[in-house]
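Here is my input, please return the structure:
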Amino acid sequence: MRFPYPVGHTVPLYLAPMAGVSEPPFRRICRSFGADVVVSEFLSCEGLRRGVKSTHDGAYFTEPERPIGIQLYGADPEGMAEATALVTEHYEPDFVDINFGCPVKKVVRRNGGSGCLKDLTLVQRIIRAVRSATHLPVTAKIRSGWSEERRDPVEIGVACEEAGALALTLHPRTRTQMYRGAADWDEIASVVHALTIPVIGNGDIRTAEDAVRMKDHTGCAGLMIARGSFGNPWIFQQARARISGVEPRPEPGAAERFAVARRHAAFAREIQGDTRRTALEFRKHLGWYTRGLPGAGQLRNRLHQIESLAEMEEVFGEYLEPKSAVG
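Modelled structure (predicted):
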């Protein structure tokens, strides 16, 4: 079974799974700007098995988001298999991704996420268990190792391929690095050379130019964009243009940024409801959309106090009004 690459692009662009960010409205807006594949926030297999509502909410997606993978984490092969079967039957994503990369304490303290990298036998048992529980393609996302002393992304990648992963994403930092320092793209190139399955590069893609540099430097089969997409969904459109040898769209000004934020907010309202909670959760995105604008600090302070999406519209209007008057 081949990994379901989108038809038409030789180098597909992925939106990374990110807790508290890769939610349905953000996935929708990124797809509209050219993300070829999106992945859910990482979900606890135990939360799914126990019927925890917040975890199941994280597995929800809308049809315009396809192709989409649901990403699971856990250190118990049987539990991961049970969660995979549940996700396959009830949510029907396009693939299942296994998280062997998350570095946060609440995940690794039970050996989930990058904690699994301390035991490659466990990594293989988990992959095989997940594969046995679904007809869907199974992929894996890894870091370069648990620590500098245990840093060997090629060994980890080979173990994942041998266990049956159909594609591999590498974020070339160790767990102990967290997000410090630079991602070692040379390691992505080494894993690409060592494996026969597609390798997706992830780490430090902040601009369209970064996407091209990673592709050229590593020869990776796909590119996964994470924090570079925050308040910047057009990075996918720009990266596609650069990869295709076309001049990308210019950076948007305030009016266009606000128009995109409104579309994003409309998706949030449609999916989550027009509630105070929706507005509060949307504040972080507004902070990102306004980065780099004149008077961004004051604008951000106002937007971080909104109680409704209607208030967002008022703030946008007041910000743009004097500029249109000058024109």
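
who touches the residue lying closest to residue 214 once chain neighbours are set aside in this structure?
Nearest non-adjacent residue to residue 214, counting by C-beta to C-beta, 6 or more residues apart in numbering: residue 201, 4.9 Å away. C-beta coordinates here come from the backbone N, C-alpha and C atoms, glycine included. Contact partners of residue 201, counting by C-beta atoms under 8 Å, 6 or more residues apart in numbering, are 169-170, 185, 188, 214-215, 218, 220, 222-224.

Swap in 6 Å and give it another go.
Contacts of residue 201 were listed using C-beta atoms under 6 Å, 6 or more residues apart in numbering, and they are 188, 214, 218, 220, 223.

May I ask which of these has the most neighbours?
Ranked by the number of neighbours (other C-beta atoms under 10 Å), these place residue 188 first, at 27 neighbours.

Check which helix or strand it maps to.
For residue 188, the element it lies in under DSSP states H and E is helix 185-194.

Show residues contacting that helix.
Here helix 185-194 has contacts from 144, 153-154, 157, 170, 172, 199, 201, 214, 217-220, using C-beta under 6 Å, 6+ apart.

Mind doing that once more with 8 Å?
144, 153-154, 157-158, 168, 170, 172, 199, 201, 203-204, 214, 217-221.

Write a ChimeraX command that selects only the buried members of those.
The ChimeraX command for the buried members of the contacts of helix 185-194 (criterion: 16 or more other C-beta atoms under 10 Å) is given here:
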select :144,153,154,157,158,168,170,172,199,201,203,204,214,218,220,221
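
Surely residue 43 touches residue 80?
No - checked against C-beta atoms under 8 Å, the pair residue 43 and residue 80 is beyond contact range at 10.9 Å.

Give the residues shared as contacts by these two.
What both residue 43 and residue 80 touch, as defined by C-beta under 8 Å, 6+ apart, is the set residue 72.

Next, count neighbours for the closest residue to residue 154 other than its chain neighbours.
Spatial nearest neighbour of residue 154, excluding adjacent residues (C-beta to C-beta, 6+ apart): residue 194 at 4.8 Å. Residues contacting residue 194 under the criterion other C-beta under 10 Å number 14.

Residue 19 now?
13.

what about the residue nearest to it when sequence neighbours are not counted, distance to residue 21?
Closest residue in space to residue 19, ignoring its immediate chain neighbours: residue 41 at 5.1 Å, by C-beta to C-beta, 6+ apart. Look at residue 41 and residue 21: by C-beta to C-beta, to the nearest Å, they are 8 Å apart.

What values do phi and psi take at the closest residue to residue 100 other than its chain neighbours?
Closest residue to residue 100 in three dimensions, ignoring its sequence neighbours and counting by C-beta to C-beta, 6+ apart: residue 142, at 4.6 Å. Here is the backbone geometry of residue 142 (degrees, to the nearest 10): phi -130, psi 170.

For residue 142, give its distance to residue 224.
Distance from residue 142 to residue 224, by C-beta to C-beta: 12 Å.

Please look at the residue nearest to residue 100 and residue 98 and confirm they touch.
No - under the criterion of C-beta under 8 Å, residue 142 makes no contact with residue 98, lying 9.0 Å away.
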